[in-house]
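> Next come a sequence and a model predicted from it.
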Amino acid sequence: MIKVENLVFDYMTKRALHNISFEIKKGSIVALIGPNGAGKTTLMRCLAGLVKPFSGEISVNGINVPEDSRRAHRHISYLSDVFGLYDNLTARQCLRYAALAFDLPPAEIEPRIVETAAMLNLTEHLENYAGTLSRGLRQRLAIALGIIHRPAFIILDEPASGLDPEARLELSRLFVNLKEKGHTLLISSHILAELEDYATDVIVLNAGRLVRYEQIGGNTVVSSQNPHVNLTIRVKGSADQLFSFLQNENCVSDLHRRHSSVGMTLWGQDDRLAALLKRLIAADIAVVEYKTTQSALKDAYFETLKEGD
């Protein structure tokens, strides 16, 4: 659906993107991650048809974005990390204005406003002025303005920035809902733990280069090199005995204790997990929870950056 080939973008004194190529399948939620200055925003602006690259090809639904950006905009939505709303218009008026800007037929505008507001949980706020809405509601309204024309490809730059935990959870549910409705999303964020909740693929940029692009299996990125898992063990009562025991285990590292549990990295897979649990039981440690997650997205991110050093 989205195809990028040999993309190069130059500023006056700096090359921001170096010969980047990838494809994004329809119905994916792609996490775009990398350190500040990696080229993430430049890439998103190129994909959205807001800037023209020095060379390379970008196509969305078969449309050449750099050469036919106006037509491509009917298939694309882009929400930057800093966005503006018309504070003196109600949410309904903002949505109507966006619908008219996207040239929706007049008979479809009101039904589309109702549908989009319901999707973003904005129905009860439609008559409120945008300037009176909370940060979370403004964020939702901004996304609603971008999707009222039902774009195939939605690009979001730090959409959860400044939101409280409850609003972030609602936003995560929205992204999954949009995916289930057939939309394709590219989301840039520094909140890696939340990206893991809904992303299907990950792109890692570093210094303007694509250093990793892969599917995320079961919400985790699995690395075949140096296999390890993140392990949390919870015991009945104090974790003092467990912590002392684990300090003498050479297959674990990064121990951190919290209340009655201890988290760690365990080097190895099923055989090591089974052997460690057997030793814990033999030591008469009352294990009540033994939980693992394989190589999390943040681990893959930091491993990739180390590889690029």
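The structure has been received and is ready for your questions. Numbering: from 1, shown residues only.

> in the stretch 101-250 of the chain, which spans are helices?
Per DSSP state H, counting those that start in this stretch, the stretch 101-250 of the chain carries helices over the ranges 106-119, 135-147, 165-180, 192-198, 240-247.

> just checking, next helix/strand downstream of the last one?
Translated: helix 240-247. The element immediately downstream of helix 240-247 (helix or strand, assigned by DSSP states H and E) is strand 252-258.

> What separation is there between the residue nearest to residue 69 when sequence neighbours are not counted and residue 23?
With sequence-adjacent residues excluded and distances taken as C-beta to C-beta, 6 or more residues apart in numbering, residue 69 is closest to residue 49, at 3.4 Å. Yep, even glycine has a C-beta here, placed from its N, CA and C like the rest. Per C-beta to C-beta, to the nearest Å, residue 49 is found 18 Å from residue 23.

> what do you get for residue 60?
In terms of C-beta to C-beta, residue 60 sits 11 Å off from residue 23.

> Looking only at neighbour counts, state which of those two leads.
residue 60 (26 against 12; other C-beta atoms under 10 Å).

> So the more buried one sits against residue 153, correct?
Yes. With contact defined as C-beta atoms under 8 Å, residue 60 counts as touching residue 153 (5.4 Å).

> what residues do these two have in common as contacts?
Both residue 60 and residue 153 are in contact with 1, 2, 47, 75, 76, where contact means C-beta atoms under 8 Å, 6 or more residues apart in numbering.

> Would you mind giving the secondary structure of the residue nearest to residue 69?
With DSSP: H, G, I helix; E, B strand; the rest coil as the basis, the three-state label of residue 49 is coil.

> so it makes contact with residue 74?
No. The pair residue 49 and residue 74 does not pass the contact test of C-beta under 8 Å, sitting 10.6 Å apart.

> Same drill for the two, tell me which one is more crowded.
residue 49 (23 against 15).

> residues contacting that one?
58, 65, 66, 69, 72, 73, 76.

> Would you quantify the distance from the closest residue to the first one other than its chain neighbours to residue 213?
Put plainly, it is residue 58. Of all residues not flanking residue 58 in the chain, residue 65 sits nearest, at 4.2 Å (C-beta to C-beta, 6+ apart). The gap separating residue 65 from residue 213 is 19 Å, by C-beta to C-beta.

> before we move on, what about residue 37?
Taken as C-beta to C-beta, the span from residue 37 to residue 213 is 19 Å.

> The two: which has the busier surroundings?
Legend: neighbour count by other C-beta under 10 Å for residue 37 and residue 213, higher for residue 213 (17 against 14).

> List the contacts of the more buried one.
Counted by C-beta under 8 Å, 6+ apart, residue 213 has contacts 22, 201, 202, 203, 204.

> at 10 Å what do you get?
Residues near residue 213 by C-beta atoms under 10 Å, 6 or more residues apart in numbering: 20, 21, 22, 23, 24, 30, 32, 201, 202, 203, 204, 205.
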